[in-house]
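Enquirer: Quick one, what's the 3D model for this:
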Amino acid sequence: MRHARPGEQGDVTPADHGESGAGTARRGRLLVPRLRFPGRAEDRVEERGPAVHLDVTEEESWNAAIAATEDRFGPLSILVGNAGVQNPAAPVEATDRRVRDRVLAVNLTGTFLGIKAAAPSLRRGGGGAIVNIASTSGMVGTALYAPYTAGKWAVRGLTKTAALELGRDGIRVNAIHPGAIATPFITEPAAGSDTPISDFYSAEPFAIPRLGEPADITRALLFLTSDDASFATGAEFVIDGGLLLGPALRHADAA
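Expert: Next up is the predicted model:
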């Protein structure tokens, strides 16, 4: 998940998702929205498989992406709600309304429209899994990041509501709440800011004293989209190294 500059849009990667990691991922059609940075080698998604342009804030764009995926691979089995943007660090009273609207449009409206567009395709395929990438900011208050925090709190409610509505169709809906993960979303400043989020965090007090790695999230994602998680829906999986637990005091620290 990466932050975006104003006006940037992204791609979805529809892929034939075969057996992976000793059978942890079941066979199916996978749709992963992600933001693109033209020119960066790691973001040339076309080199990693077919890609479809998608503006996650537009319903018509979602419908076109789903249709293109079905035309090539058949009905979806998995949707990962992964597109997200961050606001520059600022208190509520200093946050521009346009920044707030942009963050909620991508992080909340984009997630809502993704579920709305993908549900009929998942149903046609006999069911499947939706996993929304939320945040530990959706579990607590986070000073200076009100738009982002509000959107991630809303994704929690949206995930649980969709789980109730789609469960009888064989569609499970869960959320992953990453903590501080070592990606540009954390280690590079958001648009309009000179300060990356990582400057506000030290991993030293965590129960697991390091930043998370993308693979930590991927492993949870593979589990939630596999049949091993067939009884999990509406659940929240916090992967934060103990960030939300508070400081992990040692005996010498407490003395």
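Enquirer: can you pull the contacts of Gly114?
Expert: 33, 56, 62, 79, 81 (Cβ atoms under 8 Å, 6 or more residues apart in numbering). The way it works is simple: take the backbone N, C-alpha and C, and place the C-beta from them, glycine included.
Enquirer: Among these, show me the least confident.
Expert: Among the contacts of Gly114, Pro33 carries the lowest pLDDT, at 59.
Enquirer: hmm, back to that, CSV for the contacts of Gly114, including distance to Pro247, neighbour count and secondary structure?
Expert: Shown next, in CSV, are the contacts of Gly114 (distance: Cβ to Cβ, whole Å; neighbours: other Cβ atoms under 10 Å; DSSP: H, G, I helix; E, B strand; the rest coil):
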residue, distance to Pro247, neighbour count, secondary structure
Pro33, 36, 26, strand
Val56, 37, 29, coil
Trp62, 42, 24, helix
Leu79, 37, 30, strand
Gly81, 32, 29, strand
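Enquirer: Please produce JSON lines containing those, extended by distance to Arg100.
Expert: Converted to JSON lines, the contacts of Gly114 look like this (distance: Cβ to Cβ, whole Å):
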{"residue": "Pro33", "distance to Arg100": "21"}
{"residue": "Val56", "distance to Arg100": "17"}
{"residue": "Trp62", "distance to Arg100": "22"}
{"residue": "Leu79", "distance to Arg100": "26"}
{"residue": "Gly81", "distance to Arg100": "20"}
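Enquirer: Just the closest of those residues to Ser230, please.
Expert: Top of the list for closeness to Ser230, among the contacts of Gly114 and by Cβ to Cβ, is Leu79 at 16.7 Å.
Enquirer: Do a quick rundown of the helices in the stretch 151-255 of the chain.
Expert: In the stretch 151-255 of the chain, the helices defined using DSSP state H, counting those that start in this stretch lie at 184-187, 214-224, 251-254.
Enquirer: Extract the C-alpha set from the second one and format it as PDB.
Expert: In other words, helix 214-224. The C-alpha trace of helix 214-224 is given here as PDB (Å, rounded to 0.1, in the frame of the first residue of the first chain):
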ATOM      1  CA  PRO A 214       5.400  -6.600   3.900                       C
ATOM      2  CA  ALA A 215       5.800 -10.400   4.200                       C
ATOM      3  CA  ASP A 216       4.200 -10.300   7.600                       C
ATOM      4  CA  ILE A 217       1.000  -8.900   6.000                       C
ATOM      5  CA  THR A 218       1.300 -11.200   3.000                       C
ATOM      6  CA  ARG A 219       1.300 -14.300   5.200                       C
ATOM      7  CA  ALA A 220      -1.900 -13.200   7.000                       C
ATOM      8  CA  LEU A 221      -3.500 -12.400   3.600                       C
ATOM      9  CA  LEU A 222      -2.700 -15.800   2.300                       C
ATOM     10  CA  PHE A 223      -4.300 -17.400   5.300                       C
ATOM     11  CA  LEU A 224      -7.500 -15.300   5.200                       C
END
